[in-house]
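[1] Predicted coordinates and the sequence they were generated for:
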Amino acid sequence: MFRNVRKSHLLAAAISLAMPLSMVMADAPAPSQNGTAQNPPAAAAPQTPVPPGALKHEQVRVLLENMGYQPKVYDNNVGTQFYALQFDRNGWKMSLTVSISEDYSYLWISAPLTAVSDPAKASPQALLKLLEQSYLNGPAYFSFRPNQNRIYLGMAILNKDVTAITLRARIEDFCAIVQQTESYWKEQAVMPNGNGVAQAK
């Protein structure tokens, strides 16, 4: 009896040692005819499906051009494109970008505003006032990009059945917010001696 048990234990141990080796051999790349290992071809990255009614990148560029803008096309750091616009509005030189979210769900409008020379010394009261302006002007909102030491205004638009009329209206709304809130985001408003509202020029 004990001999049979011992034999069964030895057989089980042999199988357990053999299985990892067989698994490694099964997963190993097959050798080529010249004896070197060949790795299997890498799987292609899955394409993000475009939702029904959503604009694609080229369609955004064409739409902006048909609206009279002259978009400059740039590649961002995630392999997609964004479109830089510069134009005059009510005496202002507007500079903003339009882009598509990675899943094609939204169009993003973004504008660089003021640079902050010493972010660590920014006025807490002024920053609270900027948060209040985000609340009052939603869906537009203010943000700070530490890699640029700059305040931005951003706004998302649902990327569904967007026309030239709707996009122009959103861009106009966005530009109006930039101008109307200037006294809150100018550097003299956010730095220590400011009270959160810059004095008019």
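    On my side now, so go ahead.
[2] Look up how far residue 183 lies from residue 167.
    Distance of residue 167 to residue 183, computed by C-beta to C-beta, to the nearest Å: 28 Å. Every C-beta, even on glycine, is put in place using the N, C-alpha and C of the backbone.
[3] wait, residue 66 sits on residue 164?
    Yes - here residue 66 reaches residue 164: they are 6.0 Å apart, a contact under C-beta atoms under 8 Å.
[4] Compare the two (neighbour count), which wins?
    With neighbours defined as other C-beta atoms under 10 Å, residue 66 and residue 164 compare such that residue 164 has more, 12 against 9.
[5] where does the protein dip in pLDDT?
    Along the chain, the parts satisfying pLDDT under 70 run over 1-47, 78-79, 193-201.
[6] what about the helices in it?
    Using DSSP state H, the helices of the chain run over residues 2-27, 57-66, 124-136, 164-180, 182-185, 187-190.
[7] so how far is the fourth one from its chain's centroid?
    Averaging C-alpha coordinates over helix 164-180 and over its chain gives two centres that are 21 Å apart (C-alpha atoms, centre = their mean, to the nearest Å).
[8] now the fifth one
    Here the centre of mass of C-alpha atoms in helix 182-185, compared against the chain's by C-alpha atoms, centre = their mean, lies 25 Å away.
[9] for the third one, same thing?
    Taking the mean C-alpha point of helix 124-136 and that of its whole chain, the gap between them comes to 23 Å (C-alpha atoms, centre = their mean).
[10] Next, the angle helix 164-180 makes with it.
    On the basis of axes from the mean of the first three to the mean of the last three C-alpha atoms, to 10 degrees, helix 124-136 is oriented at 160 degrees to helix 164-180.
[11] which other helices and strands contact helix 124-136?
    When contacts are defined as 3 or more C-beta pairs under 8 Å, 6 or more residues apart in numbering; DSSP states H and E, helix 124-136 sits against strand 141-145, helix 182-185, helix 187-190.
[12] on that earlier part again, who has more neighbours, residue 167 and residue 183?
    Comparing residue 167 with residue 183 by other C-beta under 10 Å, the one with more neighbours is residue 167, at 20 against 17.
[13] wouldn't the more buried one be in contact with residue 67 here?
    Yes - contact status for residue 167 versus residue 67: in contact at 7.0 Å, counting by C-beta under 8 Å.
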